[in-house]
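1. coords please:
(one chain, ligands or ions: 1)
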Amino acid sequence: MAPKKSNAKSNAKNTKESTQNAATKSGWLPGIFGSLQGSTTSRTSADASKRATTGTADKANPRVSSIKSTQKSTPKSTQKNKPKIAPSIAIMKDRLEEILRHQQIAPEVYSARSRLIQTTVLQHSRAMADENFSATSVADLRLMSELYDSIYFDSSCIALAKHYGMAFRWSSRMTRAGGKTTRTVRRATIRRAAEIHYEITLSSSLLFQTFQEDSRPIKVCGRPCHHRLEAMQRIVEHEAIHLAEMLVWIDSDCAAGRFQAIANRLFGHTEHRHELVTQRERAAKLFDIRVGSRVYFMHEGHPVQGVVNRITRRATVLVESPQGEMYSNHKRYLKYYIPITALKLVARN
Ligand SMILES: [Zn+2]
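-> This is a model prediction of the structure:
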């Protein structure tokens, strides 16, 4: 949501069907309110083909796949036949724009719908044990998004995106943004036409390191959340608006008035940020390590001392060295990326 820097590059783990509670397993960590994802980005062509492969993951989940298949709008064979489907695309787009511009949902209706979506996702998920799940899957994310599409957008949002290309993904490397929606345009070449592709990614690391024991109260998009499933819903709601705006107007910015008005009318969102626990917050809470902390760690059998410069999935530690890069304070530093658990605070005198 709110546009802070995010690191959403794809890695092998993200494409796995089941996303485990990585934060719990590896014990890494960090701080302060993150953003649910800023203005949604339109990606350039370079990584389009790679990103398009992630949608295959939920084939391993027959129960969810069978549900999903009933909601599929347009078979591939007809998608290629542009003259036939063009009118329905135009109708879906008009309907979506109408909903975005005018739809208003009463709070009690929103609450009932939220519970219905929760129950349905839990019933059909093969990975989620309960509302505070410690494993989830691409199929769960897809199912939830499709439920929102059918309940809130008259099945005209995801279906429209699928006409172009739509994928869902979990990322363990997004350490600040709770979610991210991308619109990738691959330019036309002599051999093929231009391609547009949409992708919604949610941060598994943020969700899993929040709602642990003795968790502080959590709000996402201004709404209090009591468990991971609720937080996931708020992020999906937010990203669904990004997707819908992109489909209708191409641009989407959650810091802008139009986005915020839609988010408030449909979902009662009052903010475009999340308060999920970030690595930086966990590092400070559990290890007392912050940006600026003096730390040491073992490197090739020797203790090395440096200063924490950044905390994302790992800490970036700057170690003074004549071989390093020159920094603005005119000193040279080598950069090390170290898991928080491998750092020790240097005692202050
Ligand atoms: Zn956003």
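2. Mind jotting down where the helices sit in the chain?
-> Using DSSP state H, the helices of the chain run over residues 22-26, 48-51, 62-71, 76-79, 82-102, 107-124, 138-152, 158-164, 204-208, 228-249, 257-267, 279-282.
3. Using PDB, list the CA coordinates for the longest one.
-> Listed next in PDB are the C-alpha coordinates belonging to helix 228-249 (Å, rounded to 0.1, in the frame of the first residue of the first chain):
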ATOM      1  CA  ARG A 228      -4.000 -13.200   9.900                       C
ATOM      2  CA  LEU A 229      -7.000 -14.000   7.700                       C
ATOM      3  CA  GLU A 230      -8.600 -10.600   8.500                       C
ATOM      4  CA  ALA A 231      -5.300  -8.800   7.700                       C
ATOM      5  CA  MET A 232      -5.000 -10.800   4.400                       C
ATOM      6  CA  GLN A 233      -8.600  -9.700   3.500                       C
ATOM      7  CA  ARG A 234      -7.800  -6.000   4.100                       C
ATOM      8  CA  ILE A 235      -4.700  -6.300   1.900                       C
ATOM      9  CA  VAL A 236      -6.600  -8.200  -0.800                       C
ATOM     10  CA  GLU A 237      -9.300  -5.500  -0.700                       C
ATOM     11  CA  HIS A 238      -6.700  -2.800  -1.200                       C
ATOM     12  CA  GLU A 239      -5.000  -4.600  -4.000                       C
ATOM     13  CA  ALA A 240      -8.300  -5.400  -5.700                       C
ATOM     14  CA  ILE A 241      -8.900  -1.600  -6.000                       C
ATOM     15  CA  HIS A 242      -5.500  -1.100  -7.500                       C
ATOM     16  CA  LEU A 243      -6.200  -3.800 -10.000                       C
ATOM     17  CA  ALA A 244      -9.700  -2.400 -10.800                       C
ATOM     18  CA  GLU A 245      -8.300   1.100 -11.200                       C
ATOM     19  CA  MET A 246      -5.600  -0.200 -13.500                       C
ATOM     20  CA  LEU A 247      -8.100  -2.000 -15.600                       C
ATOM     21  CA  VAL A 248     -10.300   1.000 -16.000                       C
ATOM     22  CA  TRP A 249      -7.800   4.000 -15.900                       C
END
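4. Now do it against helix 257-267, angle only.
-> 130 degrees (axes from the mean of the first three to the mean of the last three CA atoms, to 10 degrees).
5. Might you name the residue of the protein sitting closest to the ion?
-> The ion sits closest to residue 254 of the chain, with a gap of 3.2 Å, by CB to the ion. C-beta coordinates here come from the backbone N, C-alpha and C atoms, glycine included.
6. Just say which of the helices of the chain is most tucked in.
-> Highest mean neighbour count among these (mean count of other CB atoms under 10 Å): helix 204-208, with a mean of 27.
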